[in-house]
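**Student:** Here is the input, now give the coordinates:
(2 chains)
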Protein chains: 2
Amino acid sequence: MTIRNKAFGIFDSGVGGLTVVRAFHDLLPKESITYLGDTARVPYGNKSKETVIRFSREISQFLISKGVKAIVVACNTASAHALSSLKQELSIPVFGVIEPGVQAALTATRQGRIGIIGTTGTINSAAYQKALLTARPDLHLVAEATPLLVPLIEEDWLEQPATHLILEEYLKPFRDADVDTLVLACTHYPLLKPLLSRLLGPEVTLVDSAEACARYVQKSLVGDDWFSTGEFEASNRIYLTDQPTHFTAMAERFLKREMDSVEVVQVGSL
Amino acid sequence: MTIRNKAFGIFDSGVGGLTVVRAFHDLLPKESITYLGDTARVPYGNKSKETVIRFSREISQFLISKGVKAIVVACNTASAHALSSLKQELSIPVFGVIEPGVQAALTATRQGRIGIIGTTGTINSAAYQKALLTARPDLHLVAEATPLLVPLIEEDWLEQPATHLILEEYLKPFRDADVDTLVLACTHYPLLKPLLSRLLGPEVTLVDSAEACARYVQKSLVGDDWFSTGEFEASNRIYLTDQPTHFTAMAERFLKREMDSVEVVQVGSL
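**Tutor:** Residues are numbered from 1 along each chain as shown, chains lettered A, B, ... in the order given. Predicted coordinates:
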């Protein structure tokens, strides 16, 4: 098979990266996807840089063994900690979710007032803040960890009163700072976009890092040689390192479509 | 060193088991503790039985290599999945948190109406439900997974309005069933006891599985040969498999005392 008809390899610590898979389905429907969710070691958000690099290397080797043409690190924590190592070490293109989110935020902002929400690990890594300030040192940035959102989303509490209360609490600093753009720096957060849009109103542009990532990959891989000819049916292969309870139901909410079969595999020395 | 002056080995997937360490400090202050928190692989609640058994075996071997006299599985998920394997395989006494919680609930209930809250993994394993019904088939049981509580506790949102709302939602089936006893089947939950007591009132007895566990170990190891002579100062050694952000601050809330030094180690093949 020519390179262009091979699959994109996409990985995340768990289910969140499936929003990136969905964005690929929407934008590049002819592309095959090979996804790995490291559900045996999820979450990465509170793990050390060294540990996250080790996990990301092991997963990349697994995806390469499955013949992918490029790798997308669909996890903000792994993008923050491991992307530069992977880019150096691997011979195929590697993309993360941070640079795409940063580019989309720079395009979206009107007043240069940008907010960022993510896991504690992502926010503390300051990866978004540093990349934004490198591009535009005059930006006014507000970055806040919002660690309760992932569990709320995984429970499907997308519209509950408690979710409203928690979001209102989390959004205070962004309202106070009058941001015009809010970066959802976690691949789980696109599921909260409807509620976030209502709470923040049309003056605040939401940057969805999953969507931004698919667009970025499309623009970066110049020429047709990288993209499927469409002569084979696009396939979706989903691998997990452990079979969590209720995974299929949750995954279908993230993918917004029915799940193909899932295979549990051991990756690295686990 | 004679066996009796060796440490108790206590482990959990993360920080939660420190409530069991605290219960040991309160009840058996002369005892040394060697604790391992598997922070590189936390949480266990949504992982498969096979994976949890493998992790528990690796940790037990690590604790035995540190010379502990007995092992306490201070994690409900690991107790549900791995306790019987560990008891068969290890030559030192092994205790879990489930049987102690079950015994305490049987003693506490007046009307035989018992509620159980825990992670999805613990509730779905039905370990508490089966053990309670084996002891007293006439019990009326209500068991509900309450997966948002661990993240709220780890964020120290113990009294926030959102926490009230979430607990009110979670407590409905227990109020409806008029339980007289509620088993906190997760080692994180003792931190929510003040709020739970206020919400449920004095008619509902809360069974704290951490406290129950320390009492159970004290009663089960018959005779003085198992307990420290007190001639050496009790030590606390805390090992983690990864150093999470803000671990010390969080751990001190669980332990209700200052932390001793923490060492990061690799356990098993990770």
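
**Student:** Quick check: residue A:25 is in a strand.
**Tutor:** No: applying DSSP: H, G, I helix; E, B strand; the rest coil, one finds residue A:25 to be helix, outside a strand.

**Student:** Report the contact partners of it.
**Tutor:** A:33, A:255, A:257 (CB atoms under 8 Å, 6 or more residues apart in numbering or on different chains). No exception for glycine: its C-beta is placed from N, CA and C like everyone else's.

**Student:** Give me the buried entries from these.
**Tutor:** A:33, A:255 (16 or more other CB atoms under 10 Å in any protein chain shown).

**Student:** Alongside chain B, which residues does the stretch 151-270 of chain A contribute?
**Tutor:** A:151-152, A:154-155, A:157, A:160-162, A:165-166, A:169, A:242-246, A:269-270 (CB under 8 Å from any CB of the partner chain).

**Student:** among those, which are in helices?
**Tutor:** Of those, the ones assigned to helices by DSSP state H are A:151, A:152, A:154, A:161, A:162, A:165, A:166, A:169.

**Student:** Top of those by number of neighbours, please.
**Tutor:** residue A:166 (26 neighbours; other CB atoms under 10 Å in any protein chain shown).

**Student:** Nearest to chain B among the contacts of residue A:25?
**Tutor:** residue A:255 (18.5 Å; CB to the nearest CB).

**Student:** Need the per-residue pLDDT for that closest one.
**Tutor:** pLDDT for residue A:255: 90.

**Student:** That one: what's it in contact with?
**Tutor:** A:18, A:21, A:22, A:25.

**Student:** any idea which of the residues you listed is closest to residue B:129?
**Tutor:** residue A:18 (32.5 Å; CB to CB).

**Student:** Give me the neighbour count for that closest one.
**Tutor:** Around residue A:18 there are 27 residues (other CB under 10 Å).

**Student:** thought it was touching residue A:247?
**Tutor:** No: the criterion here is CB atoms under 8 Å, and residue A:18 misses it with residue A:247 at 10.4 Å.

**Student:** Next, find the distance separating residue A:16 from chain B.
**Tutor:** The gap separating residue A:16 from chain B is 14 Å, by CB to the nearest CB, to the nearest Å.

**Student:** Return the backbone torsion pair for residue A:180.
**Tutor:** Main-chain torsions, residue A:180, degrees, to the nearest 10: phi -100, psi -10.

**Student:** Model confidence for it, exactly?
**Tutor:** 98.

**Student:** again with residue A:270
**Tutor:** The predicted local confidence for residue A:270 is 50.

**Student:** Let me see the domain layout of chain A.
**Tutor:** Domains of chain A are assigned by automatic domain parsing as A:3-96+A:212-264, A:98-209.

**Student:** okay, the contacts of residue A:255 in CSV with secondary structure next?
**Tutor:** CSV is the format used below for those (three-state DSSP):
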residue, secondary structure
A:18, helix
A:21, helix
A:22, helix
A:25, helix
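
**Student:** in chain A, which spans are strands?
**Tutor:** A:8-12, A:33-37, A:70-73, A:94-95, A:113-118, A:140-145, A:181-184, A:205-208, A:236-240, A:262-264 (DSSP state E).
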